[in-house]
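Student: Kindly return the folded structure for what I paste below:
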Amino acid sequence: MTEKSVTQDDSWDADLYDKSFGFIAEFGAGLVELLAPRAGERIIDLGCGIGQHSAQFAAAGCDVVGVDADAKMIALARQKYPDIEFICAQAEDFTVSGPVDAVFSNAVLHWVKQPEPAIINVFKALRPGGRFVAEMGAHRNVVTVTEALYQALAEQSVAREAVDFPWYFPRAGEYACLLEAGGFDVTHSHYFSRPTPLDNCPNGLSDWIEMFGRNFLAAAPTGSEAGIMARAEEICRERLFRDGRWMADYTRLRFRAERYDEETSWL
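Tutor: So this is what the prediction gives:
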């Protein structure tokens, strides 16, 4: 589930993700600070990917369960961290034994296009007063890249409507309302721009598109995928290629919310 569309049937290349997209976990350092994990706490790492944050929490003395929808990611996480429990499940339907103190989620929730069931599920997993700490792509995330892909496809006579847009990028207030309706008090919310270097991608922006933008490539005429990526790179170059490096135009929403005891309209 980490940086992956839950609508895609094929799995990620987990090894490539490990080698070229480690920045996703690295940029989660501030989110870990917001979580402030304490020894003895039971924590769910929702969308754990290959388990970097799960391992960090375990090293801090927490009882961790990593959850991810991608079987290959989970397989690699179990291989790298055999002493940690990992579960292959969607955000909308994972279950763990007993209530937990916190649910942590980095770069995952924008792949959950129907957010209400996932919020309900997190609420059910948490003890009263437990905290939900997450960062996700937000309004205008990678808009330069996606508009370039739409333009490249249009030049091949492919309409925008042919693309199954894979993400949900909400405004901060929109997601806060969903959390409040789902039984949470939002205690921290930060919407911000974070240009993100793609230094470990040998083929630059094309590697990012091939990893995360496969829904756009799926709409391309057969055999034109490489050309679509090259044209999108050409369109993006002026804005996103700086000082010899590619930068993805990320916009993020980071929040902390606490479960309260009152009944909600959803439960």
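Student: Can you tell me the element the residue of the chain most remote from its centre falls in?
Tutor: For the chain, the largest distance from the centre (Cα atoms, centre = their mean) belongs to S157, which lies 30.7 Å off. Assessed by DSSP states H and E, S157 sits outside every helix and strand.
Student: D185 now?
Tutor: Assigned by DSSP H and E, D185 falls in strand 184-197.
Student: So which elements touch the next helix or strand after that strand?
Tutor: The helix or strand immediately downstream of strand 184-197 is helix 205-212, counting by DSSP H and E. Helices and strands touching helix 205-212, by 3 or more Cβ pairs under 8 Å, 6 or more residues apart in numbering; DSSP states H and E, are helix 14-20, helix 143-154, helix 214-218, helix 225-240, strand 245-259. For the C-beta atoms, the positions are set from N, CA and C on the backbone; glycine is no exception.
Student: Of all the ones you listed, which one is nearest C48?
Tutor: Across those, C48 has its closest neighbour in helix 14-20 (11.9 Å, Cβ to Cβ).
Student: State the mean pLDDT of that closest one.
Tutor: Mean pLDDT, helix 14-20: 49.
Student: same check, this time on stretch 43-63
Tutor: Average pLDDT, stretch 43-63: 95.
Student: A218 is in contact with A162, isn't it?
Tutor: No - A218 sits out of contact with A162 when judged by Cβ atoms under 8 Å, with a separation of 9.1 Å.
Student: And the strands in the stretch 1-150 of the chain, which stretches?
Tutor: Assigned by DSSP state E, counting those that start in this stretch, the stretch 1-150 of the chain shows strands spanning 42-46, 63-68, 85-88, 100-106, 126-137.
Student: Now distance to R259 and mean neighbour count too, for those, in JSON lines please.
Tutor: Formatted as JSON lines, those follow (distance: least, Cβ to Cβ, whole Å; neighbours: other Cβ atoms under 10 Å):
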{"stretch": "strand 42-46", "distance to R259": "13", "mean neighbour count": "26"}
{"stretch": "strand 63-68", "distance to R259": "17", "mean neighbour count": "26"}
{"stretch": "strand 85-88", "distance to R259": "21", "mean neighbour count": "18"}
{"stretch": "strand 100-106", "distance to R259": "9", "mean neighbour count": "25"}
{"stretch": "strand 126-137", "distance to R259": "5", "mean neighbour count": "20"}
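Student: L179 is nearest to which of the ones you listed?
Tutor: Comparing the strands of the stretch 1-150 of the chain against L179 with Cβ to Cβ, the closest turns out to be strand 126-137 (7.5 Å).
Student: helices or strands up against the closest one?
Tutor: Using 3+ Cβ pairs under 8 Å, 6+ apart, the elements in contact with strand 126-137 are helix 29-35, strand 100-106, strand 245-259.
Student: Can you give the strand pairings for the last one, parallel or anti for each?
Tutor: Read that as strand 245-259. Next to strand 245-259 in the sheet, as set by DSSP bridges, lie strand 126-137 (antiparallel), strand 184-197 (antiparallel), strand 241-242 (antiparallel).
Student: And the contacts of the first one?
Tutor: When contacts are taken as Cβ atoms under 8 Å, 6 or more residues apart in numbering, the neighbours of strand 126-137 outside the stretch itself are 28, 31, 34-35, 46, 99-110, 122, 167, 169, 175, 179, 184, 250-261.
Student: wait, what's in contact with I44?
Tutor: Contact partners of I44, counting by Cβ under 8 Å, 6+ apart, are 64-67, 94, 96, 100, 102-104, 125.
Student: one step back: just the angle between the strand holding D185 and helix 205-212, please?
Tutor: Inter-element angle recorded for strand 184-197 and helix 205-212: 150 degrees (by axes from the mean of the first three to the mean of the last three Cα atoms, to 10 degrees).
Student: circling back: relative to Q90, which of the strands paired with strand 245-259 is closest?
Tutor: strand 126-137 (15.6 Å).
Student: Nothing else from me, thank you.
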